[in-house]
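Q: model the structure of this input:
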Amino acid sequence: MSTVAERLPELAAAPIPVTMAGALNQALADALATDERVLVFGEDVGTLGGVFRVTDGLATRFGENRVFDTPLAESAIVGTAIGMAMNGLRPVVEMQFDAFAYPAFEQITSHLAKLRNRTQGRVELPIVIRVPYGGGIGGVEHHCDSSEMYYAHTPGLRVVTPATPADAYTLLRQAIDCPDPVIFLEPKRRYWAKETTVLEPAGAGIDRAVIRRTGSDVTLISYGGALGTTLEAAEAAAEDGISAEVIDLRSLAPFDEDTVAAAVARTGRAIVVHEASRFCGYGAEVAAQLSERCFHYLEAPILRVAGFDIPYPPPNLESHHLPSVDRILDAIDRLQWPDAVNGTKAGR
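A: As a prediction, this is how the structure comes out:
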């Protein structure tokens, strides 16, 4: 059976059904084929093709000098990538799981994020750190963290997360071409999500949000693994006569304030949905920014639907911990709806 990488010319020619994992594989293959400075490495990414098989077939196609395995030492992986980037290469490294990346955090925050600023732009670090993150796969502790705020809080890092196969391809290609270090968060529960699409390197900018569904009553703001649930909630709300707009942030740092604020100003109501814990979660920053910019347009407080403020639970409790359609609909109900003529917006 041919790999996605081997079918690259065929896949790029026409719309095809592809999973997010397949789209990421193609993006890596495309980047390796077009730029000899690109390298892909990490734990088990070579021979095995990665835990989630995102790098499947790349080592065979491009050789062990371009795609290779590393020791189980995340700090060393990122430190090596920094040295390579300082000498003109463009490393793409994989952290096997979200919580496995923490040993590399000192390298990321103290060196990767700061060197370009420290040298007044003379040294660029075009490094992409791929991090499978989030829940929804029945994983155990250390395998399902939503660690986006650690990175988004760190000046000097770009933080992006795709929610669709098409965006996975486009954003990864843009991240590899970017002169800044990029934390590329891949929602594990979306790896097997499939869509029929043409995978293109160009598209909305790497720092732009996109509107996934238009609406007039409330703006639902989400990203990554939670986007699918948010879209399902918007469909369910429509049955009750509530028109929900859904925004996929895509870029967490920088935050596309213009796109989001314009939507909230239109609807007057907003809910932020994410998997990470609510306290000091990404939704708190979104709510603060929107409150400052859209205060006079708001008809109700900005609400958040998030994971609970606990360490990630065992697999059998995962469905209770993660945002659900019912929890999002409950938040919509808690917004201060005026009495509608047909009564549909006054509560269900």
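Q: and the strand ranked longest in the chain, which strands flank it?
A: Counting residues, the longest strand found in the chain (DSSP state E) is strand 270-277. Paired strands of strand 270-277, with direction, are strand 218-222 (parallel), strand 303-307 (parallel) (DSSP bridges).
Q: flag every buried residue along the helix or strand Leu329 falls within.
A: Using DSSP states H and E, Leu329 falls within helix 325-334. Across helix 325-334, burial judged by 16 or more other C-beta atoms under 10 Å covers Val325, Arg327, Ile328, Leu329, Ala331, Ile332. Backbone N, C-alpha and C define where each C-beta goes, glycine included.
Q: which of the residues you listed sits closest to Leu252?
A: Nearest to Leu252 among those, counting by C-beta to C-beta, is Ile328 at 19.6 Å.
Q: how far away is that closest one from Ala33?
A: 41 Å (C-beta to C-beta, to the nearest Å).
Q: please apply the same query to Thr219.
A: For Thr219 relative to Ala33 (C-beta to C-beta), the value is 40 Å.
Q: counting neighbours, go ahead and name the busier of those two.
A: With neighbours defined as other C-beta atoms under 10 Å, Thr219 and Ala33 compare such that Thr219 has more, 27 against 13.
Q: next up, the contacts around that one.
A: Ala244, Glu245, Val246, Ile247, Val260, Ala263, Val264, Arg266, Thr267, Arg269, Ala270, Ile271 (C-beta atoms under 8 Å, 6 or more residues apart in numbering).
Q: swap the cut-off to 10 Å and go again
A: Neighbouring residues of Thr219 by C-beta atoms under 10 Å, 6 or more residues apart in numbering: 211, 244-247, 260-272, 290, 294, 302.
Q: tilt between the longest strand of the chain and helix 325-334?
A: Orientation check (axes from the mean of the first three to the mean of the last three C-alpha atoms, to 10 degrees): strand 270-277 against helix 325-334 gives 140 degrees.
Q: what's downstream of strand 270-277, the next helix or strand?
A: Per DSSP H and E, the first helix or strand lying C-terminal to strand 270-277 is helix 282-294.
Q: CA atoms of that next one as PDB?
A: Extracted in PDB, the C-alpha atoms of helix 282-294 (Å, rounded to 0.1, in the frame of the first residue of the first chain):
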ATOM      1  CA  TYR A 282      -7.200  30.500  27.000                       C
ATOM      2  CA  GLY A 283     -10.900  31.500  27.200                       C
ATOM      3  CA  ALA A 284     -10.100  33.900  30.000                       C
ATOM      4  CA  GLU A 285      -7.800  35.900  27.800                       C
ATOM      5  CA  VAL A 286     -10.300  35.900  24.900                       C
ATOM      6  CA  ALA A 287     -13.000  37.100  27.300                       C
ATOM      7  CA  ALA A 288     -10.800  39.800  28.600                       C
ATOM      8  CA  GLN A 289      -9.800  41.100  25.200                       C
ATOM      9  CA  LEU A 290     -13.400  41.100  23.900                       C
ATOM     10  CA  SER A 291     -14.700  42.800  27.100                       C
ATOM     11  CA  GLU A 292     -12.300  45.600  26.500                       C
ATOM     12  CA  ARG A 293     -13.000  46.000  22.800                       C
ATOM     13  CA  CYS A 294     -16.700  45.100  22.600                       C
END
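Q: show the secondary-structure elements that that helix is packed against.
A: With contacts defined as 3 or more C-beta pairs under 10 Å, 6 or more residues apart in numbering; DSSP states H and E, the packing partners of helix 282-294 are helix 148-152, strand 218-222, strand 251-253, helix 257-267, strand 270-277, strand 303-307.
Q: make CSV from these and add distance to Thr196 to it.
A: Converted to CSV, the helices and strands packed on helix 282-294 look like this (distance: least, C-beta to C-beta, whole Å):
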stretch, distance to Thr196
helix 148-152, 29
strand 218-222, 23
strand 251-253, 25
helix 257-267, 26
strand 270-277, 26
strand 303-307, 30
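Q: ok, back up a step: deepest-packed of the strands paired with strand 270-277, please.
A: Highest mean neighbour count among these (mean count of other C-beta atoms under 10 Å): strand 218-222, with a mean of 28.
Q: quick one: that strand to chain centroid distance?
A: Using C-alpha atoms, centre = their mean, to the nearest Å, the distance from the centre of strand 218-222 to the centre of the chain it belongs to is 16 Å.
Q: this completes my enquiry, with thanks.
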